[in-house]
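Okay, sequence plus prediction incoming.
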Amino acid sequence: MVRKKKWAQLYNQFDNATKSSKKKMRLIINDHCRRLESNKTGDPELEAMYDLTNPKRTAYDLKMKQWDSSKGIGKGMTKDWTNLLDEINDTVLDVWEGQVTYFFPMRTPTYIAIFPGGRMAITSGPYEDRLAALDALSETLDNYKDLENLKTTVDAKLVQVHQARNSQRSQYDKVGTTSTELEEMRVELANLLDDNLCKLKVKYRQTLAMVENFYDLSLLRKNVSDDDFMFQSEGTVEAGASFLITLPKKLLISTNATCNFINLSGLVDLQFFFVANGTNLDNLVKISVQPSETIETTAAEAGWAPGMGFLVVKNMGTMSAEFDLSIMAATVPEGEGG
């Protein structure tokens, strides 16, 4: 049986152009709505088209922000639970092992039963494997009355780790749900854009060139991935110092770009702000983020202006601090972006 090829004109070009990029859809629908708004005054057909399209554009924009915000929060939660495991390695494992060897010296059968993989099972490898090794340690300690106090200490620490891990998993479940909802909205917008195109072709049947005034064809043809709209970074900034981050030129940043700034330190305040160059590391407009706090804001509220291609993280405390951040590019009226 010979399969009949689908007529190219029947394909939804807006769906095809955005399948690999939810953020490319955001560019296209924002641009289309601006063009409708600019031309609708006094035209009932265009006003009706705008009134139908703009609320869906707004809902999609909000869902995009929720999606990227939830991913940033999830990344911070991942750091929380992995930090707890690293803390065991750095501060308490030596004490735990010392309590074991007080009763059961190294290389004795009982020591090997308690630490069958040695310290390496807890200190190295994937975090999930390390957590499993700690769970096994807790179970094994049930068999030794001399180590009851150690068992209590280990279990208390494991409660913290599992709570942090469960919170992180729950957050990424939300990320998955939001992503599914966003994809459904992307398809709905693609269909709406195609519907509007058909209506505009009918409206301007005698002057079809007018239809091009309502779409930026370069956006449809441009090969854009979500990576072009999202920037993520992390690092450590020393006490009293400033950490300079160069933003990629392909990042389509603008005043209403969504920024998530995460202070992973539990002890010091951090400031986040944009600058124009790497020599003047200051800006009157700053975002202050307190210990263990996450702030979602816009690029403008963090001091961004056209031409600013750098972000500064400033440590206001007396000890080093880790940070995480993400910037989701957003579109604005032509001429406003950088």
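Ah, there it is. Numbers count the residues shown, from 1 in each chain.

Could you pull out the buried residues of stretch 78-86?
For stretch 78-86, a neighbour-count test (16 or more other Cβ atoms under 10 Å) marks 78-85 as buried. C-beta coordinates here come from the backbone N, C-alpha and C atoms, glycine included.

now stretch 99-110
99-100, 104, 110.

Same question for stretch 22-40.
Residues 22-36, 39-40 are the ones in stretch 22-40 that count as buried (16+ other Cβ under 10 Å).

Please flag which of the residues you listed sit within helices.
In this view, those that belong to helices under DSSP state H are 22-36, 39.

And the helices in the stretch 101-250 of the chain?
Here the stretch 101-250 of the chain has its helices, by DSSP state H, counting those that start in this stretch, at 109-114, 120-123, 127-141, 148-203, 217-221.

Tell me which of these approaches residue 293 most closely.
helix 148-203 (16.0 Å; Cβ to Cβ).

and that closest one, what does it pack onto?
The contact analysis (3 or more Cβ pairs under 8 Å, 6 or more residues apart in numbering; DSSP states H and E) places helix 148-203 against helix 13-18, helix 22-39, helix 44-87, helix 93-103, helix 127-141.

if we go to 6 Å?
helix 13-18, helix 22-39, helix 44-87, helix 127-141 (3 or more Cβ pairs under 6 Å, 6 or more residues apart in numbering; DSSP states H and E).

Give me the mean pLDDT for the longest one.
Same thing as helix 44-87. If you average the pLDDT over helix 44-87, you get 90.

which other helices and strands contact it?
Going by 3+ Cβ pairs under 6 Å, 6+ apart, helix 44-87 lies up against helix 22-39, helix 127-141, helix 148-203, strand 258-263, strand 321-328.

So for the last one, what gets flagged as buried?
Spelled out, it's strand 321-328. 321, 323-328.

Reformat those residues into CSV and put pLDDT and distance to residue 71 next to each item.
Below are the buried residues of strand 321-328 laid out as CSV (pLDDT from 0 to 100; distance: Cβ to Cβ, whole Å):
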residue, pLDDT, distance to residue 71
321, 90, 22
323, 90, 16
324, 87, 11
325, 88, 12
326, 84, 7
327, 86, 12
328, 76, 9
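
and residue 143, how far is that from residue 100?
According to Cβ to Cβ, to the nearest Å, residue 143 stands 12 Å off from residue 100.

same deal with residue 309?
54 Å.

same deal with residue 52?
69 Å.

can you check residue 300 too?
Residue 300 is 57 Å from residue 100, by Cβ to Cβ.

Same check on residue 125?
In terms of Cβ to Cβ, residue 125 sits 21 Å off from residue 100.

can you give me the end-to-end distance of stretch 198-216?
Using Cα to Cα, to the nearest Å, one end of stretch 198-216 lies 16 Å from the other.

tell me which residues in it are buried?
200, 211, 214-216.

what about it, average pLDDT?
93.

can you list contacts of that stretch?
With Cβ atoms under 6 Å, 6 or more residues apart in numbering as the test, stretch 198-216 has contacts from 31, 35, 45.

Likewise for stretch 11-18?
If you take Cβ under 6 Å, 6+ apart as the criterion, stretch 11-18 is touched by 24-25, 190, 193-194, 220.

rerun that using 10 Å as the cut-off
Contact with stretch 11-18 is made by 24-29, 32, 186-187, 189-197, 215, 217, 219-224, as judged by Cβ atoms under 10 Å, 6 or more residues apart in numbering.

May I see the buried residues of that stretch?
13-15, 17-18.

what about it, average pLDDT?
85.

Which pLDDT value belongs to residue 91?
For residue 91, pLDDT reads 89.

If you could redo that for residue 8, that was the one I meant.
61.

okay, the helix or strand bottoming out on mean pLDDT in the chain in PDB with CA atoms only?
Lowest mean confidence among the helices and strands of the chain (mean pLDDT, DSSP states H and E): helix 217-221, at a mean of 77. The C-alpha trace of helix 217-221 is given here as PDB (Å, rounded to 0.1, in the frame of the first residue of the first chain):
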ATOM      1  CA  LEU A 217       8.500  35.200   9.900                       C
ATOM      2  CA  SER A 218      12.100  35.200  11.100                       C
ATOM      3  CA  LEU A 219      11.000  33.800  14.400                       C
ATOM      4  CA  LEU A 220       9.400  30.900  12.700                       C
ATOM      5  CA  ARG A 221      12.400  30.200  10.600                       C
END
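
Going by contacts, tell me the helices and strands next to it.
helix 13-18, helix 22-39 (3 or more Cβ pairs under 10 Å, 6 or more residues apart in numbering; DSSP states H and E).

and those, which one's lowest on average pLDDT?
When I compare these, helix 13-18 is least confident, with a mean of 87.

quick one: that one to chain centroid distance?
Here the centre of helix 13-18 is set off from its chain's centre by 24 Å, with Cα atoms, centre = their mean, to the nearest Å.
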